[in-house]
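> Based on what follows, work out the 3D shape:
(one chain, ligands or ions: 1)
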Amino acid sequence: MRMASRPHASGRVMSGRRAPVVRSAVPTPASSAIGSNLHSARNLASLRAPLRLARSVAVAAASASFDGPSSSSDSLASIDVTVSMDNAPPAGAEGRRVVIVGGGWAGFGAAKHLAEQGYDVTLLEAAPNPGGLSGGFRTASGKAVEAGMKGFWFQYRNTFKLIEDLNLPSWPLTDFTTSGFWNPKGLVTEAPVFSKLPRLPTLVGQFVHTFPLYWALPLEDRLTMLPFLATLADYVSSEERFEQYDKMSAYELFRRCGVSTRCYNEFLRPTLLVGLFAPPEDLSAAAVLETLYFYALAHQNDFDVCWPKGSIAETIFTPLVERIRAAGGRVQGNRLVTGVDVDPSSGEVTSVRAADRTTGELFTYPADALVFAVGITGMQKLITATPALASQPDFRSIMELRALDVIATRIWFDRRVATRYPANVLSGFEPTAGATFFNLNDLQDEYKDAPGSVISADFYHANALLPLSDEQIVQRVVSHISTCEPGFKSAQVVDSVVLRYPKAVTHFSPGSYPFRPFQATTIPNLFMAGDWVKGVPHGANGLSQERAYVTGLSAANLVVQRLGLGSQAEILDVEPDEPHIAAARAAVRGAVEFAGALGLKSPFL
Ligand SMILES: Cc1cc2nc3c(=O)[nH]c(=O)nc-3n(C[C@H](O)[C@H](O)[C@H](O)COP(=O)(O)OP(=O)(O)OC[C@H]3O[C@@H](n4cnc5c(N)ncnc54)[C@H](O)[C@@H]3O)c2cc1C
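Reported below is the predicted structural model:
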C-alpha cells in the first residue's frame, strides 16, 4: 500500500489567504505560557523541561504554500509556534537582536551559540519542524520518515562535540559500519571500517586495507586513478589554482589524468552521484577534489561512517530546540521569511519580514544582525523578492547558482530479509541518478524488532525520476534492492512513503565557485551560512552536515565580532594533513611556481 507522498508545495506564500494582519514580532506582554517560562528559565533546570509537540500546527501547514525543500503535514518534532510572541529580550542582550533564517544544521549552529552568549536570538524556519534537509516527520500512522538517510563521517568533530554537549539520554548514532557498492551485475566492492584496522599513512592505508577485499574492478583499472590523486596536491596550492580547477568539470579532469573508462563508469561516476549528487560532467573538479580529500583521502579513517539510530529531527534537533529555548532564544516554525528591510543611510538590515504559514499573519522582526542559513533556492527567492538584496552584486551573483533534486523513500515489507551490508551504494541502476539503500532494521532502534524489513532508499540527481508516480518509484527501489539482495523478490511491500525534494541540494557545478557567497556580505550586519557558502576556515567540504553546522558557528562568530557581546564559538578543525601529503603539496607548489617563473606550463593543468 502506498502512502501519500509529501506534497512539494509551490507557489507564493499568502496566495489565496485572508488579508494578512501585520504585526510586530517585538515582544508583547501577552506571551504564551511556554514563552514566559523561557524567560524565567535561563537556568539549567529548564533544560529538562518537557518538550511540547504541536501536531495541529503541522496539519494546518499542509494547506499552506511553501517553496522550500520540504514541509510536513504530520510532524512529530514540530517547532512549536505557540512560543512565537514572547516577550522581553534576555538581560544583558538589550539591543543585540539576532534573527537567523533557516532551521537546518547551519541555522541551529548559529542560533545555539548566539543564544548561549546572551543574544536575543530568533530562529525562523518555513517548515513546521526543525532540521532542514536533515529533518523528518511522522506519518499519520506514527511511522518516522526523513529527508533521506544521513551519514556522519569520521571527521565530523564539531557535530560529535555538539551531540556530546546536548547530554542526550543515549548516543544517537550507530558505530561505524561497512558499506556495499553494487552494480546491476552484483557486488563491486565493500568499504571496511578503517578505524578498526592498523593505521597507516594515508593512501597507503586505504590501498592496503581494501586490496584483499573483493573488487569487481580489476587492479589495472584502479591504478589509473593514481595520476588523478596527484592533482590533489595541486588544487590547494593557491586560490588561483582552485579557481582554475573549478572551471573544469570532474569528467574533464578524470579524462586528462587518464582514468580508465571502466574505473570511471563503475566507480568514480556512481560515487560522485551519491557523494555530490551530480554526474562528474556537471561537477566542478575543484569541488570534487576537496570533497574526495575530506571524505576519503586525507587520512586512512576518513571514509568511516556511522548512521542515526533514529530520526535526526527527534533525537538531535528536538533537544537542540529545547536547549536554545532554555538559553532564552525563540525558535519559530512555519515562519516563511519574505524579505528584509535595509536602512538606506547605514546600509544595514533593520528588520526581517515573515509570514506565518498557518494563519497568514505577517510579522516584522527587528534585527541588529541577520544570518541567512537557507539553501540556494530559498535564497534566490528572497533576493528576487527583496530590492535591497537584489541591488547588491554579491547577492545577485547567487542567482547564477543551481540546486539539485533528490527523492527519499521509506518502504516497509511484510517479512524480514537480511542484507549483507547495512548501507549500500548503487551504481548503474539508473542512467542519470545515483542511489543508495539502507537496512533500517540493522541501523535504527525503532525498527530492530519490526516484523518486516524497513528500507530507506534515496535517489540523487533525481530530475528524470521526479515525474514518476510514487508506485513507479517504489517499484524501481524494490527492483534495484532485489538485484542486490534477492530475498526481496518474494517480499511484499506493505507500506511506503515517497518524498520529493526538487532544487533542494547545493549543486557544485563547474564554474560555480565565483558565484558562491562569502559569509560576510556587502550588507555589514548580514551573514551567510550553509553548506554552499565559501571562504569557511575549516576542512569540511561538500554536501555535509558538519560543514553546514560549522558555517553556522562561523556565522555566529562574525555576529559576535560585529556586535561585541560574548565569546567566539570554538570550531574544531579536521585533523591536519599528514606529513607526506604536506610535503607533496609544498613540492607541487614549488614545482608550479618554478615552471611559471620559467614560462613553462604547469605539469597539472
Ligand atoms: C537525501 C540527502 C542525503 C544526504 N546525505 C548526507 C549524508 O549522508 N551526510 C551528510 O553529512 N550530509 C548529507 N546530506 C547533506 C546535508 O543534509 C546538508 O548538507 C545539510 O543538511 C545542509 O544544512 P543547511 O543548514 O545548510 O541547509 P538546509 O538543511 O537546507 O536548511 C535550510 C532551511 O532553510 C529553510 N528556508 C528556506 N527558505 C526559507 C525562508 N524564506 N524562510 C524561512 N526558512 C527558509 C528551509 O526550509 C530549510 O529548513 C544529504 C542531503 C540529502 C537531501
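> Only C-alpha atoms from now on, for both contacts and neighbour counts.
Noted.
> Which residue is the nearest non-sequential neighbour of the closest residue to the ligand within the stretch 151-300 of the chain?
For the stretch 151-300 of the chain, the nearest residue to the ligand under the criterion C-alpha to the nearest ligand atom is residue 151, separated by 3.5 Å. Nearest-residue entry for residue 151: residue 307, 4.9 Å, with adjacent residues in sequence omitted and distances by C-alpha to C-alpha, 6 or more residues apart in numbering.
> thought that neighbour was touching residue 174?
Yes - Residue 307 is in contact with residue 174 according to C-alpha atoms under 8 Å; the separation is 5.4 Å.
> between the two, what contacts are shared?
Shared between the contact lists of residue 307 and residue 174 (criterion: C-alpha atoms under 8 Å, 6 or more residues apart in numbering) are residues residue 443.
> So which of the two has more stuff around it?
The residue with more neighbours, out of residue 307 and residue 174, is residue 307; 23 against 18, by other C-alpha atoms under 10 Å.
> that older thread, quick one: residues contacting the residue nearest to residue 151.
Neighbours of residue 307 in contact, by C-alpha under 8 Å, 6+ apart: 149, 150, 151, 152, 173, 174, 175, 176, 443.
> can you list contacts of stretch 505-517?
Counting by C-alpha under 8 Å, 6+ apart, 243, 246-249, 276-278, 282-285, 287, 375-376, 394-395, 397-398, 400-406, 528, 531-534, 543 sit against stretch 505-517.
> again with stretch 252-272
Counting by C-alpha under 8 Å, 6+ apart, residues outside stretch 252-272 touching it are 183, 188, 217, 221-222, 224-225, 227-228, 278-281, 285, 288, 425-428, 434.
> next one: stretch 531-542
Taking C-alpha under 8 Å, 6+ apart as the criterion, the residues outside stretch 531-542 that touch it are 106, 155-156, 276, 287-288, 290-291, 294, 375-376, 506, 513, 516-519, 543-548, 550-551, 554, 573-574.
> So which of those belong to helices?
When DSSP state H defines the helices, the subset of these inside them is 106, 287-288, 290-291, 376, 545-548, 550-551, 554.
> And those, which of them are buried?
For these, a neighbour count by 16 or more other C-alpha atoms under 10 Å gives the buried set as 106, 287-288, 290-291, 376, 545-548, 550-551, 554.
> Any chance of a markdown table for those, columns pLDDT and distance to the ligand?
Shown next, in a markdown table, are those (pLDDT from 0 to 100; distance: C-alpha to the nearest ligand atom, whole Å):
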| residue | pLDDT | distance to the ligand |
| --- | --- | --- |
| 106 | 98 | 4 |
| 287 | 94 | 14 |
| 288 | 95 | 15 |
| 290 | 91 | 15 |
| 291 | 93 | 11 |
| 376 | 98 | 8 |
| 545 | 98 | 4 |
| 546 | 98 | 6 |
| 547 | 97 | 7 |
| 548 | 98 | 4 |
| 550 | 98 | 10 |
| 551 | 98 | 8 |
| 554 | 98 | 13 |
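> on that earlier part again, ok, the residue of the stretch 151-300 of the chain closest to the ligand - contacts?
305, 306, 307, 308.
> so who does residue 116 touch?
When contacts are counted by C-alpha under 8 Å, 6+ apart, residue 116 is found next to 324, 327.
> and with 7 Å instead?
Going by C-alpha atoms under 7 Å, 6 or more residues apart in numbering, residue 116 touches residue 327.
> hang on, the earlier thing: considering the contacts of residue 151, which possesses the most neighbours?
Counting neighbours by other C-alpha under 10 Å, the top entry in the contacts of residue 151 is residue 305, with 26 neighbours.
> how close does it sit to residue 275?
Using C-alpha to C-alpha, to the nearest Å, we find residue 305 at a distance of 13 Å from residue 275.
> Same check on residue 374?
According to C-alpha to C-alpha, residue 374 stands 21 Å off from residue 275.
> same deal with residue 295?
If you measure residue 295 against residue 275 using C-alpha to C-alpha, the figure is 9 Å.
> near the ligand, which residues of this structure show up?
Within reach of the ligand by C-alpha under 6 Å from any ligand atom, the chain has these residues: 68-69, 101-107, 124-127, 132-134, 147-152, 335-338, 373-375, 378, 406, 408, 505, 530-531, 543-546, 548.
> Inside helices: which ones of these?
105, 106, 107, 378, 545, 546, 548.
> Widest-spaced pair of the residues you listed?
Within these, two members stand farthest from each other by C-alpha to C-alpha: 378 and 546, at 20.4 Å.
> For the contacts of stretch 252-272, which PyMOL command selects only the ones that are buried?
Only the buried entries of these go into this PyMOL selection, using 16+ other C-alpha under 10 Å:
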select buried, resi 183+188+222+224+225+228+278+279+280+281+285+288+425+426+427+428+434
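> Measure how far whichever strand or helix holds residue 353 is from the centre of its chain, please.
Mapping residue 353 onto the secondary structure by DSSP states H and E places it in strand 349-356. Between the centre of strand 349-356 and the centre of its host chain there is 24 Å, according to C-alpha atoms, centre = their mean, to the nearest Å.
> Okay, angle between the helix or strand just after that strand and strand 349-356 too, please.
For strand 349-356, the succeeding helix or strand toward the C-terminus, using DSSP H and E, is strand 362-366. What separates the directions of strand 362-366 and strand 349-356 is an angle of 150 degrees, with axes from the mean of the first three to the mean of the last three C-alpha atoms, to 10 degrees.
> Determine the set of other helices and strands touching strand 362-366.
Contact analysis of strand 362-366 by 3 or more C-alpha pairs under 7 Å, 6 or more residues apart in numbering; DSSP states H and E lists strand 22-24, strand 349-356 as its packing neighbours.
> if you compare the ones you listed, which one is most tucked away?
Compared across the helices and strands packed on strand 362-366, strand 349-356 shows the largest average neighbour count, a mean of 22 (mean count of other C-alpha atoms under 10 Å).
> Mind listing the strands that strand pairs with, and their directions?
Looking at strand 349-356 with DSSP bridges, its paired strands and their directions are strand 335-342 (antiparallel), strand 362-366 (antiparallel).
> out of those strands, which comes closest to residue 196?
Proximity of the strands paired with strand 349-356 to residue 196 was assessed by C-alpha to C-alpha; the nearest stretch is strand 335-342, lying at 45.3 Å.
> picking up where we left off before, next step: the contacts of residue 151 restricted to strands.
Taking DSSP state E, the ones among these that sit in strands are 305, 306.
> before we move on, back to that, adding mean pLDDT as columns, could you present the helices and strands packed on strand 362-366 in JSON lines?
JSON lines is the format used below for the helices and strands packed on strand 362-366 (pLDDT from 0 to 100):
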{"stretch": "strand 22-24", "mean pLDDT": "41"}
{"stretch": "strand 349-356", "mean pLDDT": "98"}
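> Which one of those lies nearest to residue 388?
Ranking the helices and strands packed on strand 362-366 by distance to residue 388, with C-alpha to C-alpha as the measure, places strand 349-356 first at 9.1 Å.
> Would you check the distance separating the longest strand along the chain from the middle of the chain?
Ranked by residue count, the top strand of the chain under DSSP E comes out as strand 493-507. Strand 493-507 sits 14 Å away from the centroid of its parent chain (C-alpha atoms, centre = their mean).
> Give me the buried positions along it.
So strand 493-507, judged by 16+ other C-alpha under 10 Å, has buried residues 493, 496-507.
> Likewise for stretch 521-531?
523, 525, 526, 527, 528, 529, 530, 531.
> first vs last residue of that stretch, how far apart are they?
With C-alpha to C-alpha as the measure, the ends of stretch 521-531 fall 16 Å from one another.
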